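Enquirer: quick one, what's the 3D model for this:
(chains A and B, ligands or ions: 1)
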Amino acid sequence: MAQKKTQKKATAKPSSSNSSSSFGGLDKKILLQMHSHMVKSRVLEERLIKIYRAGESYFWIGGPGEEAWGVPLGMLGRIGHGPGNDFYHLHYRCTPTLIAIGLEMVDSIRLTMNRATDPSTGGRNFSNHYVFPKWNVAPVTSPLEIQYPIACGTAHAQKRFGKKAISIVTGGDAGTAEGDFASALILASRRGQELPLLITVQNNKWGISTSYDGQHGEDEIADRARAFNIKSRVINGNDPVESYLTLKEDMEYIRKTGKPAFIEAHVSRLYGHSSASGANPVQGEVDPVMEFEKRLLKANLLTATDAKSIWENFEAEGVRAAEIARAEMVPSADSVWDHTYVDNENADWRKF
Amino acid sequence: MANMAQAIRMALNYAEKNYELKDIFGQDVGAPLGGVFTATQGLKTTWNSTLDERGIIGMAMGIAMAGDRCVAEIQFADYIFNTIDLLKIAGNTLWCTNGQYNLPMTVMTPVGAGIRGSVYHSHSFDAWASRLAGWKVVMPSTPLDAYGLLLSCIKDPNPCMFLKPKALMRVRGEELIPGEPADEKELKTRIDAPIGDRKNWKANWPNAEEYLIPFGKGKITRQGEQITVVSYGRHLLVCNEVADQLAQNGYSVEVIDLRSIYPYDWQMIKSSVEKTGRVLFVNEDTEVTNFGEHLAYRATTELFYHLQAPPRVLAGKNVPGIGLHPHLEDSSVPQKHEIAILIQQICAEVP
Ligand SMILES: Cc1ncc(C[n+]2csc(CCOP(=O)(O)OP(=O)(O)O)c2C)c(N)n1
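Expert: Residues are numbered from 1 along each chain as shown, chains lettered A, B, ... in the order given. This next block holds a predicted model:
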């Protein structure tokens, strides 16, 4: 508890191009870039839901409500392949992060529509289960929480590599009940063997239908990291400025010290859990994209006309992307054995 | 001759020097102990993990994902079960990513009964492991094979499971590992950590050479005409003994050491059974949904018209555990006399 008092908000030096202190001194360019990515991510997710509703996809799960957290997370990483760059171990609400890293809408749609052209899984896995080795985006898997100890492994390799790259791991609040979450806290914080790992939890207060209160005894999930002497704080993940500044500061801290940091970000879940629960808009939760847009308009950093055209352009891109994906090939039945082993070495016992 | 623990150590040392093996880790794997069976003493890249099997496998997957080669140990296979979904994921990562992320990791773990290990130091894992698609699974019966199979595992770009028959860790082989000093005592002084204070001890590794046993290649350890016996690990040696005994009574038993559980050497089994017309599969994992059953099914469906008798499986009883008292252990896992009796019964059958 004593440590909680030391929890303070991240700040950035004021920049000349932006006088409004409500943006934490962030440059207008960064603010507009965040807004654009957030809108793009939202429009894309809503397109995915429409594709699901049209019967062109078997399942939807995704990240509407996590844009203000996910976008800065993607913008701030050192993006590239191999242990000299940051690793992203994400869960299935990570479209905003991927958009900020450089994901094309069409590639997300290909995944959702299980096309052979889907660059993540070739039509083998659900929506939002991205994987991009060229950006060190580790495979998003359905089993919750396993990404946490795996992230310790990449962080270990990065530490050995010595280029101050870090691993980043994200997941939901309910999933922290899994032992793998505790595994990561322990592995990352051993004295003298600390790992350069940014451990994060996106707390939307739900695990499918189970409320936060039904699952937690701790005051904050962040308290669990504090128990391991991990720099830890809770932020409003619906505010992209707070997210950006906190992430920037903590990423710098990890690169500098080689030690882990922990962020619990409070976020929204705007379309419920997944298509299994209807994927309908929910009322009463903060919409981080609309809130941010309002702030930008009010501060005259964005005009209403520009905002409108940003939404429209992404909408049009989404429609086009769906048309492209719709026309593409699906995986062939005889490809089931492909990639069981490297170089398609035979794994079918009938041929041993 | 090296024992299996020494052979494993030599393979790990070879891989550290030649295959860029960067991490060998697990519970008590690092100094000063070097593993509960001493198989990781004196190596450069060993470290002690936390006491957390899921943490071990998860980290191994991450290290492999970052492109480094590692060997992770689960101290006893009895404690691997809480990692089973991670093992599944390690096996399906390449497939799920459509060929994009391969995991060059090896997991090694001691398996099986035979040391009076009671309920939680006697589990087998070969049948379970055979269901982990995407993995290659091996189980040696001799130190030389342990050396050659472990090197193949470490060099392979896929996840590989190296099952160490714990009862064989101190058993010496009959063949030298390439580069191994011929004098057993010399090897011991060079690579076995001394009892007591080891702070200043360093292994003086012999110049072992590359020796790879390919996956999916079995070995005929006894030539015979009447019946084929297929086994691996500890029971392979038992089957050899039985074959030698029965030979004195005029039986001609062909014994195949499968060595590699997946992929496996079907061609070797096939040509042997086509010759003998009779086949028995022996292992100590529990008998229901046993790997031997898969092989027996295959022998039945593909070699039916060559058979003189139904294929059989002799495996561990489908009981919840292996009890400590010798009466309990011995009636749970296949014993020499049971193998001998069954071989004779099968040989006596006429269609
Ligand atoms: C290990 C595991 N158990 C159960 C599930 C089924 N499941 C999928 S999502 C989910 C709830 C996750 O809640 P939370 O961790 O809070 O993340 P959120 O979906 O709210 O972002 C469950 C139980 C799963 N995918 N993996």
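Enquirer: what is the burial count for residue B:206?
Expert: Residue B:206 sits with 19 neighbouring residues when counted by other Cβ atoms under 10 Å in any protein chain shown. C-beta coordinates here come from the backbone N, C-alpha and C atoms, glycine included.
Enquirer: what are the phi and psi values at it?
Expert: Backbone geometry at residue B:206, expressed as degrees, to the nearest 10, gives phi -70, psi 160.
Enquirer: same check on residue A:213?
Expert: Residue torsions, per degrees, to the nearest 10, at residue A:213 are phi -60, psi -30.
Enquirer: that one: what's it in contact with?
Expert: Under the criterion of Cβ atoms under 8 Å, 6 or more residues apart in numbering or on different chains, residue A:213 has no neighbours.
Enquirer: same deal with residue B:42?
Expert: B:9, B:13, B:34, B:191, B:193, B:201, B:202, B:203, B:205.
Enquirer: what distance do you get for it to residue B:166?
Expert: With distances taken as Cβ to Cβ, to the nearest Å, residue B:42 is found 20 Å from residue B:166.
Enquirer: now do residue B:286
Expert: Taken as Cβ to Cβ, the span from residue B:286 to residue B:166 is 17 Å.
Enquirer: same question for residue A:274.
Expert: From residue A:274 to residue B:166 the distance is 45 Å (Cβ to Cβ).
Enquirer: same deal with residue A:57?
Expert: Distance from residue A:57 to residue B:166, by Cβ to Cβ: 49 Å.
Enquirer: please apply the same query to residue A:230.
Expert: Taking Cβ to Cβ, one finds residue A:230 at 38 Å from residue B:166.
Enquirer: neighbour count winner among the two?
Expert: residue B:166 (25 against 19).
Enquirer: for the more buried one, what are its contacts?
Expert: B:37, B:76, B:110, B:111, B:112, B:114, B:115, B:117, B:121.
Enquirer: need the phi and psi values for it.
Expert: According to degrees, to the nearest 10, residue B:166 has phi -70, psi -30.
Enquirer: just the pLDDT at it, thanks.
Expert: For residue B:166, the model assigns a pLDDT of 97.
Enquirer: shaky segments in the stretch 51-200 of chain B?
Expert: Along the stretch 51-200 of chain B, the model assigns pLDDT under 70 to no residue.
Enquirer: please list the residues of it that sit near chain A.
Expert: B:52, B:54-55, B:57-68, B:85-86, B:89, B:93-102, B:133-134, B:136, B:157-158 (Cβ under 8 Å from any Cβ of the partner chain).
Enquirer: okay, and which of the residues you listed map to helices?
Expert: Using DSSP state H, B:54-55, B:57-65, B:85-86, B:89, B:93-96 are the members of these that sit in helices.
Enquirer: for residue A:198, helix, strand, or coil?
Expert: At residue A:198 the chain is in strand, as set by DSSP: H, G, I helix; E, B strand; the rest coil.
Enquirer: could you do residue A:318 as well?
Expert: Applying three-state DSSP: residue A:318 is helix.
Enquirer: which SS class is residue A:265?
Expert: Under three-state DSSP, residue A:265 comes out as strand.
Enquirer: how close does it get to residue A:236?
Expert: 8 Å.
Enquirer: the more surrounded of these two?
Expert: residue A:265 (28 against 18).
Enquirer: that one touches residue A:203, doesn't it?
Expert: Yes. In this structure, residue A:265 is within contact of residue A:203 by Cβ atoms under 8 Å, at 6.7 Å.
Enquirer: what touches both of those two?
Expert: By Cβ under 8 Å, 6+ apart, the residues touching both residue A:265 and residue A:203 are residue A:237.
Enquirer: residue B:302 sits in which helix or strand?
Expert: When elements are assigned from DSSP states H and E, residue B:302 belongs to helix B:291-303.
Enquirer: flag every buried residue along that helix.
Expert: B:291, B:292, B:293, B:294, B:295, B:296, B:298, B:299, B:303 (16 or more other Cβ atoms under 10 Å in any protein chain shown).
Enquirer: need the residues you listed in CSV with distance to residue A:209 and pLDDT, can you?
Expert: Output for the buried residues of helix B:291-303, formatted as CSV (distance: Cβ to Cβ, whole Å; pLDDT from 0 to 100):
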residue, distance to residue A:209, pLDDT
B:291, 41, 98
B:292, 45, 98
B:293, 41, 98
B:294, 41, 98
B:295, 46, 98
B:296, 47, 98
B:298, 46, 98
B:299, 50, 98
B:303, 54, 98
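Enquirer: of these, closest to residue B:334?
Expert: residue B:292 (10.4 Å; Cβ to Cβ).
Enquirer: so which residue is dead centre in chain A?
Expert: residue A:94 (3.2 Å; Cα atoms, centre = their mean).
Enquirer: separation between that residue and the ligand?
Expert: 10 Å (Cβ to the nearest ligand atom, to the nearest Å).
Enquirer: cool, and residue B:88?
Expert: For residue B:88, the distance to the ligand - Cβ to the nearest ligand atom - is 12 Å.
Enquirer: grab the nearest non-local neighbour of that residue.
Expert: residue B:132 (6.2 Å; Cβ to Cβ, 6 or more residues apart in numbering or on different chains).
Enquirer: now do the contacts for that neighbour.
Expert: B:87, B:88, B:91, B:161.
Enquirer: try it again with 10 Å
Expert: For residue B:132, the contact set (Cβ atoms under 10 Å, 6 or more residues apart in numbering or on different chains) comprises B:84, B:87, B:88, B:89, B:90, B:91, B:92, B:125, B:159, B:161, B:262.
Enquirer: in ChimeraX, how would I select the buried members of those?
Expert: The following ChimeraX line selects those of the contacts of residue B:132 that are buried, judged by 16+ other Cβ under 10 Å:
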select /B:87,88,89,90,91,92,125,159,161,262
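Enquirer: any chance of the contacts of residue B:132 in a markdown table, plus distance to residue A:193?
Expert: A markdown table is the format used below for the contacts of residue B:132 (distance: Cβ to Cβ, whole Å):
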| residue | distance to residue A:193 |
| --- | --- |
| B:84 | 27 |
| B:87 | 25 |
| B:88 | 28 |
| B:89 | 25 |
| B:90 | 23 |
| B:91 | 28 |
| B:92 | 30 |
| B:125 | 29 |
| B:159 | 25 |
| B:161 | 27 |
| B:262 | 35 |
